Each structure stands twice: as structure tokens, then as C-alpha cells.
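> using only what follows, build the 3D model:
(one chain, ligands or ions: 1)
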Amino acid sequence: MPDHQWRKLRQAVYQRDEGECCYCYDKVELFQCHIHHVLPLSQGGTNRPGNLKTLCVDCHQYRHPFMLDDVKRIGEWPG
Ligand SMILES: [Zn+2]
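Take a look at the predicted model:
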């Protein structure tokens, strides 16, 4: 998806989740938060808000220990 569209979407998810990580309930800044795909795109997940959760960096790295490899592979944070 185009970058500007993703930025809008992640902001919508962030606001729905009231700026909190869905796992540890820590407050997280919009520019720092990660948007997590509940069902990964690689497994048929979608970019619909129902499949997206706001996570802090720590929780997202815990969910995706290999995320850094993804970043290298696709050149962006997978969300
Ligand atoms: Zn967290």
C-alpha cells in the first residue's frame, strides 16, 4: 500500500486503541508505535483495521523476533 495511505491507517488504528499497546497497555507515541498484523499478510491477513493492533516496540519485537529480517527484505517496517 502507498506510504501516505499506510500512515493514515496506522493513525486510525492508533486512535482506536487510544494510544495504548494492546499487550502491555503502555502509552505509546504515534511516531513510535508499531501496527501489528494479527494475521500476517503472508498468511492471508489484510490491512483492514480489524486485523491491526497498536503495539509498543518491545511487544512487537517479542511477537516478531525475526522482524528485523523482514525489514531488510521488504525495506520497511511490516507494521
Ligand atoms: Zn507493549
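> and the residue nearest to the spatial centre of the chain, what pLDDT?
Geometric centre of the chain, nearest residue: Ile35, 1.4 Å, by C-alpha atoms, centre = their mean. If you check Ile35, the pLDDT there is 93.
> how near is it to Cys22?
10 Å (C-beta to C-beta, to the nearest Å). All C-beta atoms are positioned from the backbone trio N, CA, C, and that covers glycine.
> ok, Val57 next?
Taking C-beta to C-beta, one finds Val57 at 13 Å from Cys22.
> report the distance from stretch 37-45 to the chain centre.
11 Å (C-alpha atoms, centre = their mean, to the nearest Å).
> so which bits of that stretch are buried?
Buried positions in stretch 37-45, judged by neighbour count with 16 or more other C-beta atoms under 10 Å: His37.
> so the residue nearest to the centre of the chain touches Thr54, yeah?
Yes: judged on C-beta atoms under 8 Å, Ile35 makes contact with Thr54 at a distance of 6.4 Å.
> between those two, what contacts are shared?
Shared contacts of Ile35 and Thr54 (C-beta atoms under 8 Å, 6 or more residues apart in numbering): 13-14.
> quick revisit: quick check: neighbours shared by Ile35 and Cys22?
Common neighbours of Ile35 and Cys22 (C-beta under 8 Å, 6+ apart) are 53-55.
> and of these, the nearest to Trp6?
Proximity of the shared contacts of Ile35 and Cys22 to Trp6 (C-beta to C-beta) peaks at Thr54, which lies at 14.0 Å.
> tell me how far Arg7 lies from the ion.
21 Å (C-beta to the ion, to the nearest Å).
> understood, closing this out.
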